[in-house]
Each structure stands twice: as C-alpha cells, then as structure tokens.
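Asks: fold the following for me, if possible:
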Amino acid sequence: MKLTAKDFWVLICDDSKYAIKGKKVNRMVCGVFASKKEAQEVFDTVKECLCKHYIKRCMVTVKY
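Replies: As a prediction, the model looks like this:
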C-alpha cells in the first residue's frame, strides 16, 4: 500500500559538512509536520546535533 500527501514540511539533517571525501553524503528526515510552525519549533530544539538542519516544503509518500 502507498500513501501520498502534499504540502507537508520536512526537517532535514544534512551531514555533508562532516562527510569524508569520497563517501556518500547522508541526509536524514528528522520529522514530517503539517505546518511550518510545528517544524520550526522542533528545529529550535535540535541544538545538540552538529550537522546543518533545514526545513523544506515537500510531498510525502509512505510505502508499506
């Protein structure tokens, strides 16, 4: 089964700054939110992680 929804906000963790040369960069989804305000609240609490974080609007597909 596959579920698709549009207009969600995703918090992404990007470790490209710390990636070893020649290795693949890993980007991880930290959370999917219905509003940008919710994503911003979580973004403000993720201070322990040294990687760059950003919020993007996207379409989400869940396949199971």
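Asks: low-confidence stretches in the chain?
Replies: 18-19, 22 (pLDDT under 70).
Asks: how far away is the residue nearest the centre of the chain from M1?
Replies: Note on the chain: the residue nearest the mean C-alpha position is I12, at 2.1 Å, using CA atoms, centre = their mean. Noted for I12: a distance of 25 Å to M1, by CB to CB, to the nearest Å. Any C-beta I mention is one placed from the backbone N, CA and C, and that applies to glycine too.
Asks: confirm K37 sits in a helix?
Replies: Yes - the assignment for K37 (DSSP: H, G, I helix; E, B strand; the rest coil) places it in a helix.
Asks: can you show me the strands along the chain?
Replies: Assigned by DSSP state E, the chain shows strands spanning 2-14, 27-33, 52-63.
Asks: want to throw those into CSV with distance to V42?
Replies: Shown next, in CSV, are the strands of the chain (distance: least, CB to CB, whole Å):
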stretch, distance to V42
strand 2-14, 6
strand 27-33, 6
strand 52-63, 9
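Asks: to Q40, which of the ones you listed lies closest?
Replies: strand 52-63 (6.8 Å; CB to CB).
Asks: please identify the buried residues of that closest one?
Replies: For strand 52-63, burial by neighbour count (16 or more other CB atoms under 10 Å) applies to H53, I55.
Asks: name the residues that touch that strand?
Replies: 1-14, 16-17, 30, 32, 36, 39-40, 43, 46 (CB atoms under 8 Å, 6 or more residues apart in numbering).
Asks: again, but for stretch 34-43
Replies: By CB under 8 Å, 6+ apart, stretch 34-43 touches F8, W9, V10, L11, C30, G31, F33, H53, I55, R57.
Asks: ok, these vs K21, which is closest?
Replies: In terms of CB to CB, no member of these lies closer to K21 than H53, at 22.5 Å.
Asks: who's that closest one bridged to?
Replies: C13 (DSSP bridges).
Asks: run a quick neighbour tally on W9.
Replies: Look at W9: counted by other CB atoms under 10 Å, it has 21 neighbours.
Asks: thank you, goodbye.
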